[in-house]
Every structure is written in C-alpha cells, then in structure tokens.
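[1] All I have is the shape, not the residue letters:
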C-alpha cells in the first residue's frame, strides 16, 4: 500500500496494475488516473505499439518479469486470454481480478482472486464517466474484497457485490438489452436506408424507448400491433419487408410478444 | 383563419380541432395550447368522461353536429377508427389529417386530406417536449400542406414532408427500434427478476446502447459473442437460460447477427 500526503495526513493509496491494452483497459486507465486514492503504477501489454497510448497515464511494461508489486491487478483482456495473462501474476500477492461478465471468478488460478465487472459497453475513443456505471465485484478473500470495493468506489457510485452465478445471468440479460437491441437498431437503419429515409428520424423514439423503462416496467411499456394482437397491421408490415431474414425476425418477435400478452388477457 | 393582435400587428392564427381523447390527443392538446400561432378551438370525443381531461385546454364537444369550423382537423384515433371518425368531417373545408404511421393518407375520404405523424412513443401522464420530435407531414392539396407544415413547425423543429409509402416503411423501422427493442428489455428484466438482480443495474448500458448510435452506425456499434462468432460463450449463455421461448429468441437473434457479420469477414 502506498501512502500519500493529503490535507495534513498520510493517506493509504491503492496501487493498481492494469493488464491489457484494449478498449476497457484504456477507459479504466483514464478513470484511475483521475482519482486521488488510486495510483495506477503500471500498464502491462505484450505489444509495445498498443502500449504507447498508455504512456500519458502510467509507466508501461511489455515483459512479464518487469510487472511490479501492487495491491490490485486488473486483467482487462478477452475471456479467452484471462487464464494465460493471469498466470503471469502467479508470484504476486495483490488481488488479481478479471473484468468479464461471463467468466467465473474461479478461472483465475490464484488464491487472492476476484472480479471487477463494469456493466457498460465501451467505445474506443469515446470518453466515459464511470460514476453512474454499476461495477459488480466479487473476491475470494476478505482482503481482496476490501481492495476491489475501494477501487470500484473510487470511480463509481454503484458498487455491487455479486457472485459468479448472478453475474453470468446479468451478463446474459445484458446481451438481450445491448447486443440484440443494437441488432434491431441495425435492421431499422437498413429499412431506412433502403427507402431513402434519414435514420436519425428514429433517434428521439429510440432514446424515449430506453428512457421510458426508468419509470415503467418494459412489460407495462409494451405497445405495437403484436401486443394488441392486430393481425391486419402485422400482415401489412410483413408485406412491406423485402428481406427474408427481417421477415423471419418480424414474425418471430411478433409471435413472442403476442404469446406473452395473450396469456395476460 | 383567426387573427390575433401581436406586437402591433394582426397575425394569422391556425385554428385546430383535435378528434380523439387518447394518449396522443392529450399530448397534442397540451402542445398546441402552449404555442402562439395555434388556437385549439375544440376537442371532439364520443365519451364525455374521457373529454373531461381536455377542459383546461379547449372547449370540448361530444356531438358530431357541434364540431366547429377550423383550418385543420387532427384525427388522433386508432388506425381502425380513422375512417369512421373522419366521416364526421365530410362537410368541413379545413384539412383533415390522421396521425398514423401505418395508414395511408388515402384512407381519408375527403379531398382536403393529409397526415400529421409524430415519430415518437407517448406515455399517458408523462409530459412531452415536441421540439426534438420529428413530425412527418403529407397532404393532398397545397393549401392543406401549408397549414399542416405551419402546425407542425409550431411545436417541432423537425418537420419532414414524407409520402405514405415512405412513412409506412419508417413506421415498420420504428416497430423494430421501439416495440421489438422494448420486448428485449422485457426479457432482460425477467432474467434479472428470476435471479434477484436489480434490473436498474442495466439502465446505464441500455442508455449507452441507444446513445452510441448517434455517433456510430448500429452495424459498426455491434459487439457480443454472436458478432465474434464465439460459439463457446453462446453455448454457455444458452445453458443459463431456463425459459424455452427466451432460448429460441437467443438462438434466432444470435444466428441473425452471426450471418450478418460472417458475410462481412
């Protein structure tokens, strides 16, 4: 633990190493650089070119032997690389946490292990305010839990302890709310493009659809012909779709909505 | 046309009658009441109880014979009632416009007909700022077009002339972006509920997913296991889903995403 002189006291600072150079690693490096109780002591990555971006934020390192001691190691790499990268830390005492929603904590081979999962989608180059982003944490040891909790609280106001079983279900729910939803936006855009309609005409609707469920459950917020069981409107829509895959998705999701609300009638 | 004394001049005011008492009728009545160049001269509805809400905004009327003369009649009723309600206006000279995205302009039986379609989802009791909401207008006569255009511009900064063919395609695109998306939010919520996870952990992700496509096309914004063709993660997700319908939707949308991006590889 590092100490920092602050308002007449020595304060404990959390020393952190980030492993990985991708999207999330970049956003975390920016976030940790901006908060007082955290000292980002190193960023590790295999590729010196990818590491360059981090030079303004922390010392960088591309050789496993040069990885320094720290209170926490955040392994921000793809799920398939977690094990390999974490094995570089087998001689370290600090807590080692991955950032995945889908991988269990126990993919990490060390005793002092944990998870640090921010529930958000990150875009390269688009700056992120972590404050409203939930961070789900899990740890195998109390000492690791305290450190990951402090680390998460230093950047987010929504820190949630959550075990691997729940976190994987949350990640599954996120696939519906994010990946699948984005695919529907894509179909919407393609329909607009095919018909020379500016897609941005739909932006206020898309934003309101997302905002609405803050005050109303999605089940209560549902509208549209499939909810009303309005077959005539659905048939009309189907006749307007020229792409077979879109026709299938329209039919499939309409049927799902119909059957959900038929039960409730 | 009414005249109003304004800054030393008599200004032309558009007189408007709203027909219908539902959600959109309420929001339009509120919006038109707040703007200078429009005079909401009457709201018509069959049910006196439903009409009560409108008494603060305009004179109300439940008898077809009492419908007054106006520059524009906005028929804000369900698609299946448009024809019946508009027939009450067969002796009127003002432009008669419905508010539907799906119905063609020509369902209206009069020569002076048009469409006034706000591209938004409306929630009863939740106040609406029409300013950023696109309003698509169409008219059979130039005189009607001028009036509907002025009316739309009085409440919105995004007025788009659009014919029935394009508008129906836009409405179809809106079903994907709104109705189907909301159904996916609902599945997300159910997964959370079943696993005692607060659904609001997903709100920042849902908002960011919607916000992201302002600067990035949905095709570029797509992420997730199905885009990467990561079958292992998809199989893991499927093993976590306990509901058959959700399993089907997961598989179906994953396949759609996979095949979209496989083509591009």
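    Alright, I've got the coordinates. The structure presented is a predicted model; accordingly, all values stated were derived computationally and were not measured. Numbers count the residues shown, from 1 in each chain, chains lettered A, B, ... in the order given.
[2] dump the residue contacts of the one residue sitting closest to the centre of chain A.
    Residue closest to the average C-alpha location in chain A (C-alpha atoms, centre = their mean): residue A:120, at 3.3 Å. Counting by C-beta atoms under 8 Å, 6 or more residues apart in numbering or on different chains, residue A:120 touches A:128, A:133, B:204-205, B:208. Every C-beta, even on glycine, is put in place using the N, C-alpha and C of the backbone.
[3] Give me the secondary structure label for the closest residue to residue A:222 other than its chain neighbours.
    Once flanking residues are discounted, residue A:222 sits nearest to residue B:182: 5.6 Å by C-beta to C-beta, 6 or more residues apart in numbering or on different chains. Three-state call for residue B:182 (DSSP: H, G, I helix; E, B strand; the rest coil): helix.
[4] Residue A:231 and residue A:258, how far apart?
    Going from residue A:231 to residue A:258 by C-beta to C-beta, to the nearest Å gives 9 Å.
[5] for residue A:106, that is, sorry about that
    Applying C-beta to C-beta to residue A:106 and residue A:258 gives a distance of 42 Å.
[6] Show me the strands in chain A, by range?
    Ranges of strands in chain A, per DSSP state E, are A:2-6, A:9-19, A:38-44, A:60-61, A:72-75, A:95-98, A:113-118, A:135-139, A:159-161.
[7] nearest to chain B, of these?
    Among these, strand A:159-161 comes nearest to chain B, with 6.6 Å by C-beta to the nearest C-beta.
[8] For that closest one, which strands pair with it and how are they oriented?
    Strands adjacent to strand A:159-161 in the sheet, as given by DSSP bridges, are strand A:135-139 (parallel).
[9] Now do the strand it pairs with against strand A:113-118, angle only.
    180 degrees (axes from the mean of the first three to the mean of the last three C-alpha atoms, to 10 degrees).
[10] contact partners of strand A:135-139?
    In contact with strand A:135-139 (C-beta under 8 Å, 6+ apart) are residues A:95, A:97, A:101, A:105, A:113-119, A:145, A:147-149, A:152, A:155-156, A:158-164, A:167, A:170, B:201.
[11] Let me have the strands of chain A in a markdown table, extended by mean neighbour count and mean pLDDT.
    Putting the strands of chain A into a markdown table (neighbours: other C-beta atoms under 10 Å in any protein chain shown; pLDDT from 0 to 100) gives the following:
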| stretch | mean neighbour count | mean pLDDT |
| --- | --- | --- |
| strand A:2-6 | 11 | 62 |
| strand A:9-19 | 19 | 85 |
| strand A:38-44 | 23 | 97 |
| strand A:60-61 | 20 | 98 |
| strand A:72-75 | 28 | 98 |
| strand A:95-98 | 29 | 98 |
| strand A:113-118 | 25 | 98 |
| strand A:135-139 | 23 | 98 |
| strand A:159-161 | 17 | 97 |
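[12] Indicate which one of these is closest to residue A:247.
    Comparison of these against residue A:247 by C-beta to C-beta identifies strand A:113-118 as nearest, at 37.1 Å.
[13] From the chain's centroid, how far away is the closest one?
    11 Å (C-alpha atoms, centre = their mean, to the nearest Å).
[14] For that strand, give me every contacting residue.
    A:24, A:28, A:74, A:86, A:95-101, A:103, A:105-106, A:108, A:130, A:133-140, A:144-145, A:148, A:151-152, A:156, A:162, A:164, A:167, A:171.
[15] out of the residues you listed, which are buried?
    Neighbour-count burial (16 or more other C-beta atoms under 10 Å in any protein chain shown) applied to these gives A:24, A:28, A:74, A:86, A:95-101, A:103, A:105, A:108, A:130, A:133-140, A:144-145, A:148, A:151-152, A:156, A:162, A:164, A:167, A:171.
[16] Find the least confident helix or strand in chain A, judged by mean pLDDT.
    Every helix and strand in chain A was compared by mean pLDDT, DSSP states H and E; the lowest is strand A:2-6, with a mean of 62.
[17] What residue in the stretch 1-150 of chain A comes nearest to chain B?
    Closest point on the stretch 1-150 of chain A to chain B, by C-beta to the nearest C-beta, is residue A:134, at 4.6 Å.
[18] how close does that residue sit to residue A:105?
    Counting by C-beta to C-beta - residue A:134 and residue A:105 are separated by 17 Å.
[19] Lovely, talk soon.
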